[in-house]
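Undergrad: Need coordinates for the following:
(one chain, ligands or ions: 1)
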Amino acid sequence: MPRVRLPITTDRLVLRSFRPGDEADVFAYRSVPDVVRYIPGEPKTREQVADMVAERATAGRVEPSQPICMLAVELDGRVVGDVLLHLDGLDGHDGRQAEIGWVFAPDVQGHGYATEAARELVRVAVEDLGVHRVWAQIDPVNTASTRICERLGMRREALFERASWFKGEWTDLTVYAIRADEWPRVRAD
Ligand SMILES: CC(C)(COP(=O)(O)OP(=O)(O)OC[C@H]1O[C@@H](n2cnc3c(N)ncnc32)[C@H](O)[C@@H]1OP(=O)(O)O)[C@@H](O)C(=O)NCCC(=O)NCCS
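TA: Residues are numbered from 1 along each chain as shown. This next block holds a predicted model:
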């Protein structure tokens, strides 16, 4: 499995490995209850953020034995969010499918940064890692994330009703996906 070549530069962002010194930026958004409402886990403490920054440092190697690649998203020298690429499919993580996810600081939302970073994740997954299908799972009430998937040209494949026990309640789950054969057309749009 090829590496994700880091850093990745987009028009406005740099996607890179976490590194020492990122802790304050990451704490600023990962500690906010509203930000983590739809992602696993509680708001993070400073200690948990320090662990996360240390543990998620990556050289970009992503393969079935090391299926998760989490990247810091930098805007003008500040880490404003993080994105996740997880080699995983309904049939396990054999490297042929990838789940993607995103979290951004509230003060930078509404500018298209998350869509810009997520589009790059899809490109990397399809073009560099050669995966067959990229997918995301979203609580449909998380309309901002739903719109990201739609902007990326992902199709809504499924709605699972009250199928996820999440933060103390049964929630719906939508699955959005794009296959590698659909990507060239979407990329050209
Ligand atoms: C999900 C999340 C990343 C979405 O943030 P977001 O700011 O809405 O997404 P983007 O950065 O892609 O910005 C898109 C918005 O910016 C607008 N925008 C402004 N300038 C833009 C530009 N130059 N380019 C593109 N879009 C632009 C778009 O119109 C869009 O607004 P709309 O959705 O009201 O139409 C954010 O809400 C978040 O971090 N939530 C918490 C974590 C979370 O829920 N993660 C997902 C779990 S499944």
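
Undergrad: my read: Val49 touches Val26, true?
TA: Yes. Counting by Cβ atoms under 8 Å, Val26 is a contact partner of Val49 at 5.0 Å. From N, CA and C alone the C-beta is placed, and that goes for glycine too.

Undergrad: ok, how many other residues are close to the residue in the chain that the ligand sits nearest to?
TA: Here the residue of the chain nearest the ligand is Gly112; by Cβ to the nearest ligand atom that distance is 2.1 Å. Per other Cβ atoms under 10 Å, the neighbour tally for Gly112 reads 13.

Undergrad: ditto for Leu71
TA: 27.

Undergrad: Please report how far it lies from Asp107.
TA: In this view, Leu71 and Asp107 are 20 Å apart by Cβ to Cβ, to the nearest Å.

Undergrad: what does Arg147 give?
TA: Counting by Cβ to Cβ - Arg147 and Asp107 are separated by 19 Å.

Undergrad: before we move on, what about Ala98?
TA: According to Cβ to Cβ, Ala98 and Asp107 sit 29 Å apart.

Undergrad: roughly how far apart are the nearest residue to Phe104 once chain neighbours are set aside and Ala118?
TA: Leaving aside its sequence neighbours, Phe104 sits nearest to Gly81 (Cβ to Cβ, 6 or more residues apart in numbering; 3.5 Å). With distances taken as Cβ to Cβ, Gly81 is found 10 Å from Ala118.

Undergrad: And for Arg12?
TA: Distance from Arg12 to Ala118, by Cβ to Cβ: 13 Å.

Undergrad: who's more crowded, those two?
TA: Ala118 (25 against 14).

Undergrad: secondary structure class for that one?
TA: What DSSP: H, G, I helix; E, B strand; the rest coil gives for Ala118 is helix.

Undergrad: repeat for Val122
TA: Of the three states, Val122 takes helix under three-state DSSP.

Undergrad: Kindly report the same for Arg5.
TA: Assignment for Arg5 (three-state DSSP): coil.
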